[in-house]
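K.L.:
No sequence on hand, only this structure:
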């Protein structure tokens, strides 16, 4: 898992030209000017990739966009989507039944269905009108960070491509955004190396007892969900992802002395809520950790910090913050000697796969 975290940025940056060509080829199959609404759908990490990039489609392509879990879309929302809606289903493996059902339902309603996957010819491609093959399957049976990041990058590049073709951004602006995406990827290894010792020190001092709350807002709420998922998968730690503001309304009532509260902070509008949240966590006896740029001095003295540069723009936040999300899961599992995906309890894993309609070899 660590090697994947360290190498994922450079690997994806190296595949950048290939991914851009594939995105352009996909866009050639449709008329982007007929697109009036976009729905990003998936389950698990794929859903979080949609949540983390939906603002990019709003800003870069000028398209009203929402990210909806695939079962919610297939069983409920699809009946109310207007013509001119594109449904983009994301799945690294191309196997999840609910995502495939969502795309089939979209086509049944005469909507455009597009698959984003890493397995060409998988069931999701058969369910869609067209398929974007990212060719980015992860290796080994470890909690996936590379596959999630590949989905994020693929969606961001699609947002840029659609924005350029719809003349929402100029060709020069589109080129600048593609360069920004590449630069964010190229910085990931250095960020991971710098943060690894901080992560290990944090786990050693904070321990692994009790729940860990992970807070984020905007695109970083998606990262909070992703971080919790990696903790589930890597070490079965009780992880509770919460929207930054909502923690104070609800989960703060549950927070006990010694509970860990991780705040994903960027330099956007939610930054002003970090300081007061740190103070509240401290007053409750919790252990606050802020991951991001510097906060105000009084808050900084009251919390642990994993400093990292803010992204060049908030719509790209899902790229750099994937690193601390993955590292938190890795060092927690490392300290516990945990088996990923409950591999030491095969009967539990088999029951989960049966529930999700996942083939044993998938």
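P.N.:
The structure has been received and is ready for your questions. Just so we're clear, the structure is a prediction, and the values are computed from it rather than from any experiment.

K.L.:
who touches residue 206 in this structure?
P.N.:
Counting by CB atoms under 8 Å, 6 or more residues apart in numbering, residue 206 makes contact with 260, 287, 289, 304. Just so you know, the C-beta spots here come from the backbone N, C-alpha and C atoms, and that holds for glycine as well.

K.L.:
quick one: which of these is nearest residue 62?
P.N.:
Closest approach to residue 62 among the contacts of residue 206 (CB to CB): residue 289, at 36.7 Å.

K.L.:
quick one, phi psi at the closest one?
P.N.:
With angles defined as degrees, to the nearest 10, residue 289 sits at phi -130, psi 130.

K.L.:
correct me, but residue 123 touches residue 93?
P.N.:
No. Look at residue 123 against residue 93 with CB atoms under 8 Å: they stay out of range, at 9.2 Å.

K.L.:
one step back: mind listing which of the contacts of residue 206 are in strands?
P.N.:
260, 287, 289, 304 (DSSP state E).

K.L.:
Least confident of these?
P.N.:
Of all those, residue 304 has the smallest pLDDT value, namely 83.

K.L.:
nearest spatial neighbour of that residue, skipping sequence neighbours?
P.N.:
Leaving aside its sequence neighbours, residue 304 sits nearest to residue 289 (CB to CB, 6 or more residues apart in numbering; 4.6 Å).

K.L.:
likewise residue 153?
P.N.:
Using CB to CB, 6+ apart and skipping residues adjacent in sequence, the residue nearest residue 153 is residue 12, 5.5 Å away.

K.L.:
what's the helix or strand for that neighbour?
P.N.:
Using DSSP states H and E, residue 12 sits in helix 2-14.

K.L.:
List the buried residues of that helix.
P.N.:
Buried residues in helix 2-14, defined by neighbour count with 16 or more other CB atoms under 10 Å: 4-6, 8-9, 11-13.

K.L.:
same thing with stretch 198-214?
P.N.:
Applying a neighbour-count criterion of 16+ other CB under 10 Å, one finds 198-200, 202-203, 206, 210-214 buried in stretch 198-214.

K.L.:
These in helices, which ones?
P.N.:
Per DSSP state H, helices hold the following members of the buried residues of stretch 198-214: 198-200, 202-203, 206.

K.L.:
Counting neighbours, what do you get for the residue nearest to residue 104 when sequence neighbours are not counted?
P.N.:
Distances taken as CB to CB, 6+ apart place residue 127 nearest to residue 104, at 5.0 Å, with adjacent residues excluded. For residue 127, the neighbour count with other CB atoms under 10 Å is 22.

K.L.:
quick one: residue 127 from residue 41, how far?
P.N.:
Going from residue 127 to residue 41 by CB to CB, to the nearest Å gives 12 Å.

K.L.:
can you check residue 351 too?
P.N.:
Where residue 41 is concerned, residue 351 sits at a distance of 25 Å (CB to CB).

K.L.:
host element of residue 83?
P.N.:
Judged by DSSP H and E, residue 83 forms part of no helix or strand.

K.L.:
That one against residue 111, yeah?
P.N.:
Yes. Between residue 83 and residue 111 there is a contact under CB under 8 Å: 7.4 Å.

K.L.:
Comparing those two, which residue is more hemmed in?
P.N.:
residue 111 (20 against 11).

K.L.:
Wait, the more buried one touches residue 80, no?
P.N.:
No. The pair residue 111 / residue 80 is not scored as a contact, 11.3 Å apart, by CB under 8 Å.

K.L.:
re earlier: more neighbours: residue 351 and residue 41, which one.
P.N.:
The residue with more neighbours, out of residue 351 and residue 41, is residue 41; 29 against 12, by other CB under 10 Å.
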